[in-house]
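Chemist: Sequence first, then the predicted structure:
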Amino acid sequence: QGENLTGEVRLYGGAASQDVNQITLRLVTICYDGLERCDQVAKNLLSNNLVIEAREERVKPFTIPIGSDCPSTSYGSFTCSLFTDVDIDFAIDTSDLDEVKILPGPELSYAVEQLEKVLGWELLNVRHRLCHQAFIYTPIDAVRKKVNYITIGYEGSGKLAIEFERLLSTEILGEDEEAI
């Protein structure tokens, strides 16, 4: 999160020279349930058409910035893939798909470490919410008497959204007792 993905696209010429119209890279996160897909970055590698000669090999290096809000593949139900599409008229096998591991940035790593190791909260689940991750924790016993669970949404750049699900007063006091 918050760093660059670097690599290269390798083009191999066929039996005859061909015009390469476009090389497009898309970094996409997909939730395992398949219901949510977010294009993180799209990049075109060519400003002009390129001719690749017969049997020629060309290498096009690239750098793609990964936003700090891109979901980490270390937690929950996200995968991240780099889709490469090379636009060559009448060509065969012009696309590629590579899995990309997105490691958590320092802010997210710190937040998770503090919640789990320092506060002792237990991670129940990591869900997706509009291309962001939401971490659902059960709090320690002292807090659990008033709060059912806490959801921490990570929105990138150190921004956390925190939601509490409070227990109703009858759940805290019992059916026969009244709140004062």
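Modeler: Received the coordinates, thanks.
Chemist: need the longest helix for the protein.
Modeler: Determined from DSSP state H, the single longest helix within the chain is helix 106-113.
Chemist: Now the residue nearest to the spatial centre of the chain: phi and psi?
Modeler: When C-alpha atoms, centre = their mean is applied to the chain, the residue found nearest the centroid is Pro71 (2.7 Å). Dihedral angles of Pro71 (phi, psi; degrees, to the nearest 10) stand at phi -60, psi 140.
Chemist: Now do the longest helix of the chain: which elements does it pack against?
Modeler: On a contact count with 3 or more C-beta pairs under 8 Å, 6 or more residues apart in numbering; DSSP states H and E, helix 106-113 meets strand 147-154. No exception for glycine: its C-beta is placed from N, CA and C like everyone else's.
Chemist: and the strand it packs on, how far from the chain's centre?
Modeler: 20 Å (C-alpha atoms, centre = their mean, to the nearest Å).
Chemist: Partner strands of it and their direction?
Modeler: If you go by DSSP bridges, strand 147-154 pairs up with strand 132-138 (antiparallel), strand 160-166 (antiparallel).
Chemist: What's the first helix or strand after the longest strand along the chain?
Modeler: Secondary structure of the chain read by DSSP state E shows that its longest strand is strand 18-31. Remark: after strand 18-31, the chain's next helix or strand is strand 37-44, criterion DSSP states H and E.
Chemist: list the buried ones in the helix or strand following that following strand?
Modeler: Going down the chain from strand 37-44, the next helix or strand is strand 50-52, by DSSP H and E. Residues Leu50, Ile52 are the ones in strand 50-52 that count as buried (16 or more other C-beta atoms under 10 Å).
Chemist: Contacts for the helix or strand following strand 50-52, please.
Modeler: The first helix or strand that comes after strand 50-52 along the chain, using DSSP H and E, is strand 57-65. The contact list for strand 57-65, computed with C-beta atoms under 8 Å, 6 or more residues apart in numbering, reads 3-13, 23, 25, 27, 41, 43, 45-46, 50, 52, 82.
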